[in-house]
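J.: need a 3D model of the sequence below.
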Amino acid sequence: LKALPRRDLYSWQSTWAKEIHNMLFEIFIDLIAVLIAIAGIVGCIIPAIPGPPLTYASLLLLYFFNNPTDAITGKFLIIWIAITAAVTILDYVAQPYFTKITGGTKLAVRYSIAGMVAGMVFFPPFGIIAGSFIGALIAEFVVNKKPLQNSLLAAFGAFLGFIFGTGLKLAACGTMLYYA
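T.: All right, here's what the predicted structure looks like:
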């Protein structure tokens, strides 16, 4: 009778340990992906954080490291990178466009962004929305000396542009988080 090598005799332990290790790795990757996706959702509201690209990064993380059912395919990733790019571009274009069609100036857009940041710092979360409106109103009424009615219309346009861009980003990131 030949003696079995030690590693063959205890191979069930190493297989069990590998399975536990793989399971813990999958849980770790899932947790990191969800945290990145949540940071992306927060980034939809806070202007300094790129929301949709972060959420897309969570999909990439899952695709490359933890995709046991192949729920995320290459075609899926290509479609979502296009959506992510479109949403990000539309977010930068929406606020100036809405402000312009309601009679606002570039200064109103700048003040709207400054008001949004100030509102985020001093009165979160409602300050973000109110700050956008108040900033554009100050730019048009005080700085550009436009009549109050025209200033309110331009401020409303800046506000609508902010809501439109944020809504698009939240919809895209929420859908990506669902798949993550």
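J.: helices of the chain, start to end?
T.: Taking DSSP state H as the criterion, the chain carries its helices at 6-9, 11-45, 51-65, 74-101, 106-122, 126-138, 148-179.
J.: turn the ones you listed into JSON lines, columns for mean pLDDT and mean neighbour count.
T.: Bear in mind the C-beta positions are built from the backbone N, C-alpha and C, glycine included. Shown next, in JSON lines, are these (pLDDT from 0 to 100; neighbours: other C-beta atoms under 10 Å):
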{"stretch": "helix 6-9", "mean pLDDT": "53", "mean neighbour count": "8"}
{"stretch": "helix 11-45", "mean pLDDT": "84", "mean neighbour count": "14"}
{"stretch": "helix 51-65", "mean pLDDT": "92", "mean neighbour count": "21"}
{"stretch": "helix 74-101", "mean pLDDT": "90", "mean neighbour count": "16"}
{"stretch": "helix 106-122", "mean pLDDT": "87", "mean neighbour count": "20"}
{"stretch": "helix 126-138", "mean pLDDT": "87", "mean neighbour count": "22"}
{"stretch": "helix 148-179", "mean pLDDT": "90", "mean neighbour count": "19"}
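J.: centre-most residue in the protein?
T.: Nearest to the geometric centre of the chain sits Gly51, at 1.9 Å (C-alpha atoms, centre = their mean).
J.: what's the closest non-adjacent residue to that one?
T.: Counting by C-beta to C-beta, 6 or more residues apart in numbering, Gly43 is the residue found nearest to Gly51 once chain neighbours are left out, at 3.3 Å.
J.: separation between that neighbour and Leu24?
T.: To Leu24, Gly43 is 28 Å away according to C-beta to C-beta, to the nearest Å.
J.: thanks a lot, see you next time.
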